[in-house]
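1. no sequence on this one, just coordinates:
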């Protein structure tokens, strides 16, 4: 599972992604091509919050996004309960 997600979310070296990737609670990976606020996704899935995948580190707490934060292109986000 971890290898699948890391391979699916990665982009080729030297190319910047023009999309935002979000791993939904059911395991689906959604690509967004327009600027989006975190609140828009959180409203569609109540009781879940978004975390930028770059902030996920073993042994450290991760920080959820604020609802008014914009999701950034070329980043991947994960929804947690």
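-> That came through, no problem. Keep in mind that what you see is a predicted model, and the values were worked out from it rather than measured. Numbers count the residues shown, from 1 in each chain.
2. residue 68 and residue 40, how far apart?
-> Note on residue 68: its distance to residue 40, by Cβ to Cβ, to the nearest Å, is 11 Å. C-beta here means a position set from N, CA and C on the backbone, and glycine is covered the same way.
3. my bad, residue 64
-> Residue 64 sits 15 Å away from residue 40, going by Cβ to Cβ.
4. out of those two, which sits in the busier spot?
-> A count of neighbours by other Cβ atoms under 10 Å puts residue 64 above the other of residue 64 and residue 40, at 17 against 11.
5. list the contacts of that one.
-> By Cβ atoms under 8 Å, 6 or more residues apart in numbering, the residues touching residue 64 are 49, 50, 51, 80.
6. one more time with 7 Å
-> Residue 64 is in contact with 49, 50, 51, counting by Cβ atoms under 7 Å, 6 or more residues apart in numbering.
7. among the residues you listed, name the buried ones.
-> Buried subset of these (neighbour count, 16 or more other Cβ atoms under 10 Å): 49, 50, 51.
8. assess the claim that the second one and residue 43 are in contact.
-> Pointing back at residue 50 there. No: judged on Cβ atoms under 7 Å, residue 50 makes no contact with residue 43 at a distance of 11.5 Å.
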